[in-house]
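[1] A predicted structure for the sequence below; I have some questions about it.
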Amino acid sequence: NTDLGVRREKLLTFETPLFRYKEFDRRDAFLRAVLEKIRAIPGVIDAGATSRLLLTPNEAAATFYWISGQPRERIRDQVAIIRLVTRDYLPTIGARLREGRFFETLDRHSDAQVAIVNETFANRNFPGRSAIGAQFKFGRTGDKGYWYRIVGVVKEIHEVGMEEVSRTASRLQPARARQRPAYDSSGRDRGSDRSRAGVDCVGSPASHLVHR
């Protein structure tokens, strides 16, 4: 009876490798075509894609992040799980908003990078106040990194295996794949467990979810 933060019924998943597409535009076109074909299937309500399926044990890579206004010394003590998602991913899995909004079509065509975070991320970094409108960088926290503006906060979603502790998470939808997730080549988390956070971002997802 564990609350996973997503719908439990009529949700199908499958994986599609994208290594044969080196350029972002080709990956993007391929994913758009696949999702449109899936949505056209009778009985399908919606479809979305992510770089890694939920409840995947021991495979949550993480990277450092920096929130605007924080001392730079804080970076080494906070990491976040990175996910790439499409615009309709969160509604497809049945994610629940606490405040703000989901991604919109206009976000993709805007120069501003936007993000959706989970409750743990919001509570940890913005105690007693709204996270909406706050900005942060991940991976590349220097001058070459991009600022992401938080537009929504979702209820907790169980990101990893059932035997693992839930982690803070945020989901990003950049207008283009300007920045790829930064994580160790081993794929394992960097940083201490007690400071682990999570981030999901849109770019080149490979796992598909179908709500029927």
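    Perfect, thanks for sending it. Numbers count the residues shown, from 1 in each chain.
[2] Distance from the helix or strand containing residue 28 to the middle of the chain?
    In this assignment (DSSP states H and E), residue 28 forms part of helix 24-39. Averaging C-alpha positions (C-alpha atoms, centre = their mean, to the nearest Å) puts helix 24-39 18 Å from its chain's average.
[3] That one - contacts with which helices or strands?
    strand 46-50, strand 207-211 (3 or more C-beta pairs under 8 Å, 6 or more residues apart in numbering; DSSP states H and E). From N, CA and C alone the C-beta is placed, and that goes for glycine too.
[4] all strands of this protein, in order?
    With DSSP state E, the ranges of strands along the chain come out as 11-15, 46-50, 62-67, 79-81, 97-100, 113-118, 135-138, 148-154, 170-173, 196-198, 200-201, 207-211.
[5] worst average pLDDT in the helices and strands packed on helix 24-39?
    Per-segment mean pLDDT for the helices and strands packed on helix 24-39 reaches its minimum on strand 207-211, at a mean of 56.
[6] what about the chain, any weak spots by pLDDT?
    Scanning the chain for pLDDT under 70 picks out 1, 55-61, 159-212.
[7] isn't residue 4 right next to residue 155, touching?
    No. Residue 4 lies out of contact with residue 155 (C-beta atoms under 8 Å); the separation is 10.5 Å.
[8] which of those two has more neighbours?
    residue 4 (16 against 13; other C-beta atoms under 10 Å).
[9] separation between the more buried one and residue 119?
    14 Å (C-beta to C-beta, to the nearest Å).
[10] Send me the helix holding residue 28 as PDB with only the CA atoms.
    C-alpha atoms of helix 24-39 as PDB (Å, rounded to 0.1, in the frame of the first residue of the first chain):
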ATOM      1  CA  PHE A  24      19.800  16.300 -30.400                       C
ATOM      2  CA  ASP A  25      17.500  17.400 -33.300                       C
ATOM      3  CA  ARG A  26      17.400  13.800 -34.700                       C
ATOM      4  CA  ARG A  27      16.700  12.300 -31.300                       C
ATOM      5  CA  ASP A  28      14.000  14.900 -30.700                       C
ATOM      6  CA  ALA A  29      12.300  14.200 -34.100                       C
ATOM      7  CA  PHE A  30      12.400  10.500 -33.500                       C
ATOM      8  CA  LEU A  31      10.800  10.800 -30.000                       C
ATOM      9  CA  ARG A  32       8.100  13.100 -31.200                       C
ATOM     10  CA  ALA A  33       7.200  10.700 -34.000                       C
ATOM     11  CA  VAL A  34       7.100   7.700 -31.700                       C
ATOM     12  CA  LEU A  35       4.900   9.500 -29.100                       C
ATOM     13  CA  GLU A  36       2.500  10.800 -31.800                       C
ATOM     14  CA  LYS A  37       2.100   7.200 -33.100                       C
ATOM     15  CA  ILE A  38       1.400   6.000 -29.600                       C
ATOM     16  CA  ARG A  39      -1.100   8.600 -28.800                       C
END
